[in-house]
Structure formats: structure tokens, C-alpha cells
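Undergrad: Here is the input, now give the coordinates:
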Amino acid sequence: MNKINLPQKICVVCGRSFSWRKKWERDWLNVKYCSKKCQKYRNANV
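TA: Alright, predicted model coming up:
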């Protein structure tokens, strides 16, 4: 898979787009946050 063809999502907290990562391979459908920081502050902006 080329880096250009990687799937992308939008972070529900900060609104930035982020790309698929190998560590999310098995859980990509459930990934909502681009980083641990956004996951920590999920209740502040949502």
C-alpha cells in the first residue's frame, strides 16, 4: 500500500485529517482521534 493511497479520517476533537497507521490495522473502524492528546480532551470540545 502506497502512502498516497492510505485511508484518511477526520479527528472528532480537533477536526484535522489523519492517515491510517499500522498500529490501527485491526481497529481502524473504531479509531476516532488523531492522537492521545485529542483522546484525553474528547469531552472538552465535543
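
Undergrad: All the strands of the chain, residue numbers only.
TA: For the chain, the strands defined by DSSP state E cover 8-10, 17-19.

Undergrad: V31 is nearest to which of the ones you listed?
TA: Proximity to V31, assessed across the strands of the chain by CB to CB, is greatest for strand 8-10 (6.6 Å). Yep, even glycine has a C-beta here, placed from its N, CA and C like the rest.

Undergrad: tell me what that closest one is packed against?
TA: With contacts taken as 3 or more CB pairs under 8 Å, 6 or more residues apart in numbering; DSSP states H and E, strand 8-10 sits against strand 17-19.

Undergrad: quick one: strands adjacent to the strand it packs on?
TA: Strands adjacent to strand 17-19 in the sheet, as given by DSSP bridges, are strand 8-10 (antiparallel).

Undergrad: chain center to the strand it pairs with, what's the gap?
TA: Relative to the chain's own centre, strand 8-10 is displaced by 6 Å; criterion: CA atoms, centre = their mean, to the nearest Å.

Undergrad: who touches it?
TA: With CB atoms under 8 Å, 6 or more residues apart in numbering as the test, strand 8-10 has contacts from R16, S17, F18, S19, W20, V31, K32.

Undergrad: Burial check on the nearest residue to the fourth one once chain neighbours are set aside, number of neighbours?
TA: Translated: S19. Beyond its immediate neighbours in the sequence, the residue positioned closest to S19 (CB to CB, 6 or more residues apart in numbering) is L6, lying 4.6 Å away. L6 is surrounded by 11 other residues when neighbours are defined as other CB atoms under 10 Å.

Undergrad: likewise L29?
TA: Residues near L29, counting by other CB under 10 Å: 7.
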